[in-house]
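coordinates for the following, if possible.
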Amino acid sequence: MSAPRTLVAEPLTREAFAPFGDVIECSDAVRHFPINAGNTERYHDLARVDAGGRGRAAISIFRGQPRELPFMANMMERHRLGSQAFVPLSGRPYLVLVAPPSPRPRADQLRLFLARAEQGVNYARDVWHHPLLALEAESDFLIVDRIAAEPDCEEHVLDEGVELLLP
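Numbering: from 1, shown residues only. Purely as a prediction, here's the structure:
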């Protein structure tokens, strides 16, 4: 039996994550400007919220239990009708496992990112991603996603598991 495929987390950057969606963070790389008589800095239009034609955008909070590393990922999910954003609220880093849109994700397509505590992600429509991968302790995330009458979560079991590690 061969050893499982291993992925070591890479830093989450706007450029590296662009094929999968948006990085949500305060950065000089994004448009920002003062508002409220200079008392507040607005980091503007950080992610494209895609609620699909028959959906609406909703805000929720997910509370994730920490994953123990190394962690064996064996499934992915995607939302075909809208985007899904995760913004950490608990001040902890977390992992982001993604694969590009395709009929089925393959282990050799996966990319693993280490998100800093102040970085959120917005998964574009059809991007395969692993469910929440909190680290260190129970963590809350603000979620912006599509709500509609029809279900919009497709799950797929990978042909082979992938071991997730930190650098």
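
for the chain, give me the ranges with low pLDDT.
1-2 (pLDDT under 70).

show the residue spans covered by the helices in it.
14-17 (DSSP state H).

pretty sure Ala73 contacts His129?
No: the pair formed by Ala73 and His129 falls short of the contact definition of CB atoms under 8 Å, at 10.5 Å. Where you see a C-beta, it was placed from the backbone N, CA and C, and this is true even at glycine.

any residues in contact with both of those two?
Leu97 (CB atoms under 8 Å, 6 or more residues apart in numbering).

neighbours of the closest residue to Pro101 other than its chain neighbours, how many?
Once flanking residues are discounted, Pro101 sits nearest to Asp126: 3.7 Å by CB to CB, 6 or more residues apart in numbering. Other residues near Asp126 number 16, with proximity taken as other CB atoms under 10 Å.

how near is Asp126 to Ser139?
26 Å (CB to CB, to the nearest Å).

who's in contact with the nearest residue to Arg146 once chain neighbours are set aside?
Leaving out its chain neighbours, the residue that sits closest to Arg146 by CB to CB, 6+ apart is Gly82, at 3.0 Å. Contact analysis of Gly82 by CB under 8 Å, 6+ apart lists Asp50, Ala51, Gly52, Gly55, Arg125, Asp145, Arg146, Asp152.

make a markdown table out of those and add distance to Phe20 and neighbour count.
Listed next are these as a markdown table, based on distance: CB to CB, whole Å; neighbours: other CB atoms under 10 Å:
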| residue | distance to Phe20 | neighbour count |
| --- | --- | --- |
| Asp50 | 13 | 20 |
| Ala51 | 18 | 18 |
| Gly52 | 18 | 17 |
| Gly55 | 20 | 18 |
| Arg125 | 11 | 19 |
| Asp145 | 15 | 23 |
| Arg146 | 17 | 21 |
| Asp152 | 17 | 17 |
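
possible to save those residues as CSV with distance to Arg63?
Formatted as CSV, these follow (distance: CB to CB, whole Å):
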residue, distance to Arg63
Asp50, 24
Ala51, 23
Gly52, 26
Gly55, 24
Arg125, 25
Asp145, 16
Arg146, 20
Asp152, 21
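
between those residues, which sits nearest Gln109?
Arg125 (17.2 Å; CB to CB).

and the nearest residue to the closest one once chain neighbours are set aside, how close does it get to Val144?
Distances taken as CB to CB, 6+ apart place Asp50 nearest to Arg125, at 5.3 Å, with adjacent residues excluded. Applying CB to CB, the value for Asp50 to Val144 is 10 Å.

perfect, I'm done here.
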